[in-house]
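Engineer: Mind looking at a prediction? Sequence and model below.
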Amino acid sequence: MAEQEGKPNGLAVTEAEAGQKLLNFLRRRIDAPDGDLHRWIRTGQVRINGSRAKAFDRLETGGTVRIPPFAALRRGADAGAPSRGAGSVPELPPVVYEDGEIIVLAKPAGLPVQGGSGHSDSIASRLAAARAAADFVPAPVHRLDRDTSGLLVAGKTYASVRALTDAFAGRGGRPPHKVYLAWVEGFWREGEKTLRDFLAKDETAEKMVSVPPSEASSASAKEALCIVRPMERRSIGGRPHTLLSVELLTGRKHQIRVQLSSRGHPVAGDGRYGKKGKLMLHAWRLTIPREGMDDLDLELPPPWGGEWAVHHPA
């Protein structure tokens, strides 16, 4: 078939894209339904370095993926995410740190990491729009609850996304070290303490709960560990509160919120596990291990103002 004017005969695989499966590469580069992509691969209209390929073959840097001449390339805001119209996409949150592999953002409270039912705006969609021209659209590698603020990491290459996702999930190597700040209800009087619980999902209440160790196995509960350190006591709104630093040793869903609430100290503003309001939970410090390099140490002060303001936490 004749080549379209101005269209390359093949797409070069960049270093940022290397390691991806062919199908995922095509999804990012080509504006076509999955059914068409599968059919083009199956019939040999898509080839890797001149040879027939399968949908889940992985690509290497410098390789060439031949595509049908009629295939429409994604361009501009269409690359990596659907277009929402010029000027309609909100700005990316402030960048705390960036290099060739990762970008770390100051996630605001109220903005989800991924889009879903009821909300199309997200960190992921803003990254896709802001970095649409990149060889590989940056993707978040871990989650923060929608109403939690703080440090959020995204990978800028396919390889870094895979490695960081595994690291944050605790699969191999040293995991990132995470410390949060939380204002909790009441005065914490126990000093520094390691909290150990077993957390399971309560399907009826649609939230996480702490179960006795004897029931952990039957409830498919997972161990949750963290170290709590009191930093300040303060009367806010005429009620006692304590500022805690919480060092996570495991990463379970709603872990901090459940562990503190179960001890009578819910995070202030936590409508699910305490009293509804503005959630006072912030991803404050993050250390990312790097092979052959010094660890990356990051810190982001919380955005709280007024009576909740935190000044130079130790």
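Structural biologist: Arrived safely, thanks for sending.

Engineer: okay, CA-based contacts and neighbour counts for the rest of this
Structural biologist: Noted.

Engineer: By mean pLDDT, flag the weakest helix or strand of this protein.
Structural biologist: Sorted by mean pLDDT, DSSP states H and E, the helices and strands of the chain end with helix 22-29, the least confident at a mean of 85.

Engineer: elements contacting that one?
Structural biologist: Contacts defined by 3 or more Cα pairs under 8 Å, 6 or more residues apart in numbering; DSSP states H and E place helix 22-29 against helix 34-42.

Engineer: Give me the buried stretch members for the helix it packs on, please.
Structural biologist: 37, 40-41 (16 or more other Cα atoms under 10 Å).

Engineer: Let me know the closest of those residues to T148.
Structural biologist: L37 (38.3 Å; Cα to Cα).

Engineer: pretty sure that closest one contacts N24?
Structural biologist: No: using Cα atoms under 8 Å, L37 makes no contact with N24, being 10.0 Å away.

Engineer: ok, residues contacting stretch 227-239?
Structural biologist: 185-188, 191-195, 240-249, 307-308, 313 (Cα atoms under 8 Å, 6 or more residues apart in numbering).

Engineer: Can I have the buried ones of these as a PyMOL selection?
Structural biologist: Buried subset of the contacts of stretch 227-239, written as a PyMOL selection, criterion 16+ other Cα under 10 Å:
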select buried, resi 185+186+187+188+195+241+242+243+244+245+246+247+248+249+308
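
Engineer: In strands, which of the contacts of stretch 227-239 appear?
Structural biologist: 185, 193-195, 240-248 (DSSP state E).

Engineer: and R126, backbone torsions?
Structural biologist: R126 adopts backbone torsions of phi -70, psi -40, taken as degrees, to the nearest 10.

Engineer: Quick check: buried residues in the lengthiest strand in the chain?
Structural biologist: Counting by DSSP E, the longest strand found in the chain is strand 222-236. Across strand 222-236, burial judged by 16+ other Cα under 10 Å covers 222-231, 233-234.

Engineer: Ok, stretch 194-212 next?
Structural biologist: Quick answer for stretch 194-212 (16+ other Cα under 10 Å): 195, 197-201, 208-211.

Engineer: quick one: low-confidence ranges for the chain?
Structural biologist: 1-9, 75-89, 117-118, 313-314 (pLDDT under 70).

Engineer: Can you show me the helices along it?
Structural biologist: 22-29, 34-42, 123-130, 158-168, 255-261 (DSSP state H).

Engineer: residues of the first one that come out buried?
Structural biologist: Spelled out, that is helix 22-29. 22-29.

Engineer: Now do the least confident helix or strand of the chain and helix 34-42, the angle between them.
Structural biologist: 130 degrees (axes from the mean of the first three to the mean of the last three Cα atoms, to 10 degrees).

Engineer: quick one: contacts of helix 22-29?
Structural biologist: 17, 34, 37-38, 54-59, 73-74, 79-80.
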